[in-house]
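**Student:** just coords:
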Ligand code: PSV
Ligand code: MN
Ligand code: MN
């Protein structure tokens, strides 16, 4: 039997990178709601990310999005973040908000447009050099809407060439992670629709190119933990974008729609060494808080990951393997469900306190007056958003 004390050394290592865009205003194509206290600058987004880390001890880095988070002085931004106890993390490129890319960016038939998209990634790598970021994350909005519209095969070839040019430019300690998504904004075909395509593309590049798995980017019913197991087995799982979905790419709070799925994913992460000391799997959130307050939304999110990770760590592996190998189907299932059903909240609260953190970070944040302070201080100015 594994006790809570047994799992704390691993829990201590749990680090979840938060996205800068989670703190900005966001919405659906129907409406973006303004939220009181929303940041008016990149610095204020970073300050909010640092607040999440202060209350939870779980979020030591913040991912940036270029050009949404463009600043003139990266060294100053880096110092600003570090002074608040967080690092600048993954740099996300953006080739989905420019008219030139309507029919493709890295896959476009026009070499000039392809080069423009490649140059944008070079710019992101320059940013990484200045911020000290390890990962360049690429999500592509590329594909076609109508059968016959595009040569799918030719686009794979051009994608491969473009990615090779970008990979070539990376520094020795930097990585490229390629995110897949099965639909949207293209609806007939998507150039990187699934883990297989991402795997094929990054495998051709080299060791420092990996797959990014966004939990919201799969068809309903997909066994995501199987993909996690497979990619870890292949040494190609670079990072997660955690979130929840009910229907599409909802970007809701991770663990909200299906905590059991999050548990199953964390079981495979642990099984595959993804939480080992030398693991290079980056756990990130990719979320937007359209109707709820953003800092509390992020606090809830990282705590959900912590809670399901704790339960997954409590899984009695030895007993499970014994039951599996003995063909004891129901025993194996019960052992698995026992871990999932374990209420770890009191243990987590006591453990947090023992580390100088609030036992209940969400309650402590609500009681701190910090939110009201932000709402009063940030009146006026332009709130930034998922622009
Ligand atoms: C669009 O689907 C998306 O949500 C991707 O998941 C990216 O990771 C994110 O936007 C930020 O670019
Ligand atoms: Mn994502
Ligand atoms: Mn997405």
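**Tutor:** Alright, I've got the coordinates. These numbers come from a predicted model, not from an experiment. Ligands and ions are numbered 1, 2, ... in the order given.

**Student:** which residue sits closest to residue 42, ignoring its sequence neighbours?
**Tutor:** The spatial neighbour of residue 42 that comes closest, neighbours along the chain excluded (Cβ to Cβ, 6 or more residues apart in numbering), is residue 69 at 4.7 Å. Any C-beta I mention is one placed from the backbone N, CA and C, and that applies to glycine too.

**Student:** Also residue 210?
**Tutor:** Taking Cβ to Cβ, 6+ apart, and ignoring the residues beside it in sequence, residue 210 has residue 238 as its nearest neighbour in space, at 2.6 Å.

**Student:** Might one say that the one you found is in contact with residue 281?
**Tutor:** Yes: using Cβ atoms under 8 Å as the test, residue 238 is close enough to residue 281 to be in contact (7.0 Å).

**Student:** Please list the residues of the stretch 101-250 of the chain that sit near ligand 1.
**Tutor:** 139, 179, 181, 214, 241, 249 (Cβ under 6 Å from any ligand atom).

**Student:** Most neighbours among those residues, which one?
**Tutor:** Neighbour count (other Cβ atoms under 10 Å) singles out residue 241 as the most crowded of those, with 28 neighbours.

**Student:** Tell me the residues of the chain that contact ligand 2?
**Tutor:** Residues of the chain found near ligand 2, taking Cβ under 5 Å from the ion as the criterion, are 214, 241, 286.

**Student:** would the second one count as being in a strand?
**Tutor:** Translated: residue 241. Yes: Residue 241: assigned to a strand according to DSSP: H, G, I helix; E, B strand; the rest coil.

**Student:** got the contact list for the closest residue to ligand 1 within the chain?
**Tutor:** Among the residues of the chain, residue 139 lies closest to ligand 1, at 3.9 Å counting by Cβ to the nearest ligand atom. Residues touching residue 139, when contacts are defined by Cβ atoms under 8 Å, 6 or more residues apart in numbering, comprise 92, 93, 96, 179, 181, 212, 214.

**Student:** quick one, phi/psi of it?
**Tutor:** The phi and psi torsions at residue 139 (degrees, to the nearest 10) take the values phi -120, psi 130.

**Student:** Kindly report the same for residue 96.
**Tutor:** phi -120, psi 10.

**Student:** So what's the residue count around it?
**Tutor:** Neighbours around residue 96, by other Cβ under 10 Å: 12.

**Student:** swap in residue 299?
**Tutor:** The burial metric for residue 299, expressed as a neighbour count using other Cβ under 10 Å, is 26.

**Student:** could you give the mean pLDDT of whatever helix or strand it lives in?
**Tutor:** Under DSSP states H and E, the secondary-structure element containing residue 299 is helix 294-313. For helix 294-313, the per-residue pLDDT values average out at 98.

**Student:** Just after that helix, pick out the following helix or strand.
**Tutor:** Where DSSP H and E defines the elements, the next helix or strand beyond helix 294-313 is helix 317-325.

**Student:** Any idea how many residues pack against residue 256?
**Tutor:** The burial count assigned to residue 256 is 18, neighbours taken as other Cβ under 10 Å.

**Student:** rewinding a little: the more surrounded of residue 238 and residue 281?
**Tutor:** It is residue 238, of residue 238 and residue 281, that has more neighbours when counted by other Cβ under 10 Å, with 26 against 19.

**Student:** Contact partners for the more buried one?
**Tutor:** Taking Cβ under 8 Å, 6+ apart as the contact definition, residue 238 lies against 135, 175, 177, 202, 209, 210, 211, 212, 280, 281, 282.

**Student:** Could you measure from the last one over to residue 274?
**Tutor:** Right, the one you point to is residue 282. The gap separating residue 282 from residue 274 is 10 Å, by Cβ to Cβ, to the nearest Å.

**Student:** Who has more neighbours out of these two?
**Tutor:** The residue with more neighbours, out of residue 282 and residue 274 and counting by other Cβ under 10 Å, is residue 282; that gives 25 against 20.

**Student:** how about the nearest residue to that one, chain neighbours excluded?
**Tutor:** In space, residue 282 comes closest to residue 239 once its chain neighbours are excluded; the distance is 3.8 Å by Cβ to Cβ, 6+ apart.

**Student:** Report the separation between the one you found and residue 15.
**Tutor:** Using Cβ to Cβ, one gets 12 Å for the distance from residue 239 to residue 15.

**Student:** just to revisit the earlier point, now render the residues of the chain next to ligand 2 as CSV, adding pLDDT and distance to residue 300.
**Tutor:** What follows is the residues of the chain next to ligand 2, written out as CSV (pLDDT from 0 to 100; distance: Cβ to Cβ, whole Å):
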residue, pLDDT, distance to residue 300
214, 98, 19
241, 98, 17
286, 98, 15
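
**Student:** Quick check, pLDDT for the closest residue to residue 15 other than its chain neighbours.
**Tutor:** With Cβ to Cβ, 6+ apart as the criterion, residue 15 has its nearest non-adjacent residue at 5.3 Å, and that residue is residue 60. Confidence at residue 60, expressed as pLDDT, is 98.

**Student:** Go ahead and confirm residue 60 touches residue 82.
**Tutor:** No: the pair formed by residue 60 and residue 82 falls short of the contact definition of Cβ under 8 Å, at 10.6 Å.

**Student:** quick one, which of those two is more surrounded?
**Tutor:** Counted by other Cβ under 10 Å, residue 60 and residue 82 do not tie: residue 60 has more neighbours, with 16 against 13.

**Student:** quick one: contacts for that one?
**Tutor:** By Cβ under 8 Å, 6+ apart, the contact list for residue 60 reads 15, 17, 53, 85, 86, 87.

**Student:** rerun at 6 Å
**Tutor:** With contacts defined as Cβ atoms under 6 Å, 6 or more residues apart in numbering, the neighbours of residue 60 are 15, 53, 86.
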